[in-house]
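>>> Structural data only, the sequence is not supplied:
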């Protein structure tokens, strides 16, 4: 912080011959005591009334592909030559009262991590330095939909499965800056998507429990067959995140078009043995935000376990979305058949899961019935010919 001091000549003009009797600061208390005894002007009259507080930054963020707005708590002016940004770009600045508008010479990279540093003075010359981080402006963020979720890893050597969230792309665009967050009782994790071009109908698979092998590669370009690893897909775009896996039994997932934005989709799942109100946890806060955004219905104002998609968790099954579900909520989801995860491809549908649960006997019985019908038809045909 820079504090401007008054030159002695200026103070002398303002306060006349009085200050000639004050050669040092240490004499001030004594003079003050004399003034107080004589009931003269209050102590505040001795000290000049000056603004010593630097401006405070209230808010900041991009407002367009080539602009960033900083708002302060008082009128400011930018310090010439102080602005720098990474990734590098040529900048200019203009101020209007308490706002500082930074202009970029080129478009920001959608979703890229930017760092802006600079300085601003208030009208009294007090200076503040600022350092802000933001995501590059993205006005082509497509709407996405959560379509399949695998919440745990299995121990299979032939068909290994690990945590993933599959997303269906509902419109052309660029993923840069969109966020997926997931919460359990004590922690919320966030993944910010890189700037990747996608088309309507694409599938994006975000893997949340990678093994750390070389084959696990982010597919950022046109080649979506680049990655290997558990649940990697030749038909979907694979991205990898090593923060934390999904909660195995009970948790929530939220999807936003921009950092800190309201949810555009979500899922709340819970072990079917749970009941009653959810305690004040990270999970409860996320479920409440999903409800407030209209992407997950609640039966009452406070989140309750009965509002969740209830299931008996299993690493061999994934939670899948019905393609024909008209409304959000538990009824829009179903469990896949055991071992029938389909990362990067359309879900097989609840009918396939039901048929798989019916087991081999139902298939065998169905086959026998069909065979009896065919034999009966053949027998009637022979009889009519005879």
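Looks like it arrived, so ask away. The structure presented is a predicted model; accordingly, all values stated were derived computationally and were not measured.

>>> Now find how far off-centre stretch 186-204 is within its chain.
9 Å (CA atoms, centre = their mean, to the nearest Å).

>>> and it, which residues are buried?
Using 16 or more other CB atoms under 10 Å as the test for burial, stretch 186-204 gives 188-189, 191-198, 202-204. (Each C-beta comes from the backbone N, C-alpha and C, glycine too.)

>>> Quick one, grab the pLDDT at the closest residue to residue 105 other than its chain neighbours.
Closest residue in space to residue 105, ignoring its immediate chain neighbours: residue 90 at 3.8 Å, by CB to CB, 6 or more residues apart in numbering. With respect to pLDDT, residue 90 has a value of 96.

>>> you'd agree residue 90 is up against residue 84?
No: Residue 90 is beyond contact range of residue 84, at 10.8 Å (criterion: CB atoms under 8 Å).

>>> the more surrounded of the two?
When residue 90 and residue 84 are compared for neighbours, residue 84 comes out ahead with 13 against 10, by other CB atoms under 10 Å.

>>> For the more buried one, which residues are in contact?
Taking CB atoms under 8 Å, 6 or more residues apart in numbering as the criterion, residue 84 is in contact with 91, 116-118.

>>> Would you format the residues you listed as JSON lines with distance to residue 51 included?
As requested, the contacts of residue 84 are exported to JSON lines (distance: CB to CB, whole Å):
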{"residue": "91", "distance to residue 51": "28"}
{"residue": "116", "distance to residue 51": "26"}
{"residue": "117", "distance to residue 51": "24"}
{"residue": "118", "distance to residue 51": "21"}
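
>>> Just give me the closest of the residues you listed to residue 315.
residue 116 (44.3 Å; CB to CB).

>>> Leaving out chain neighbours, which residue sits closest to that closest one?
residue 85 (4.8 Å).

>>> how much space between that neighbour and residue 173?
As for residue 85, its distance to residue 173 is 25 Å (criterion: CB to CB, to the nearest Å).

>>> For those two, indicate the residue with more neighbours.
residue 173 (22 against 19).

>>> What's the per-residue pLDDT of that one here?
Value for residue 173, per-residue pLDDT: 97.

>>> Distance check, it against residue 195.
11 Å.

>>> now swap in residue 255 and tell me
Taken as CB to CB, the span from residue 255 to residue 195 is 17 Å.

>>> Out of the contacts of residue 84, name the ones that lie in strands.
Using DSSP state E to define strands, the subset of those located there is 91, 116-118.

>>> which of these lies closest to residue 131?
For the ones in strands among the contacts of residue 84, the nearest to residue 131 is residue 117 (4.9 Å; CB to CB).

>>> dump the residue contacts of the closest one.
Taking CB under 8 Å, 6+ apart as the test, what residue 117 contacts is 82-85, 129-131.

>>> which of these are buried?
By 16+ other CB under 10 Å, these give 83, 85, 130 as buried.

>>> The last one is in contact with residue 71, isn't it?
This points to residue 130. No: the pair residue 130 and residue 71 does not pass the contact test of CB under 8 Å, sitting 11.4 Å apart.

>>> Now the common contact residues for these two.
In contact with both residue 130 and residue 71: 57, 60, using CB under 8 Å, 6+ apart.

>>> Where does the prediction get shaky in the chain?
Counting by pLDDT under 70, the chain contains low-confidence residues at 1-48, 357-386.

>>> Nearest residue to the middle of it?
Geometric centre of the chain, nearest residue: residue 179, 3.2 Å, by CA atoms, centre = their mean.

>>> Enumerate every residue touching that one.
Here residue 179 is in contact with 190-193, 255-256, 258-261 (CB under 8 Å, 6+ apart).

>>> Restricted to strands, list the residues you listed.
Short answer: those in strands (DSSP E) are 190-192, 255-256.

>>> Wasn't residue 287 part of a strand?
No: according to DSSP: H, G, I helix; E, B strand; the rest coil, residue 287 belongs to no strand; its state is helix.

>>> mind listing what it touches?
252, 268, 278, 296, 298, 303, 307 are the contacts of residue 287 under CB under 8 Å, 6+ apart.

>>> at 10 Å instead, please
Counting by CB atoms under 10 Å, 6 or more residues apart in numbering, residue 287 touches 183, 251-252, 254, 266, 268, 270, 278, 281, 296, 298, 302-305, 307-308.

>>> Buried subset of those, written for PyMOL?
Buried residues among the contacts of residue 287 (16+ other CB under 10 Å), as a PyMOL selection:
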select buried, resi 183+251+252+254+266+268+270+278+281+296+298+303+304+305+307+308
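
>>> hang on, the earlier thing: pick out the most distant pair among the buried residues of stretch 186-204.
So, the buried residues of stretch 186-204 by CB to CB: farthest apart are 188 and 197, at 28.5 Å.

>>> Would you state the strands of the stretch 1-150 of the chain in chain order?
Along the stretch 1-150 of the chain, counting by DSSP state E, counting those that start in this stretch, strands occupy 57-64, 67-72, 76-78, 84-86, 91-96, 99-104, 113-122, 127-135, 144-150.
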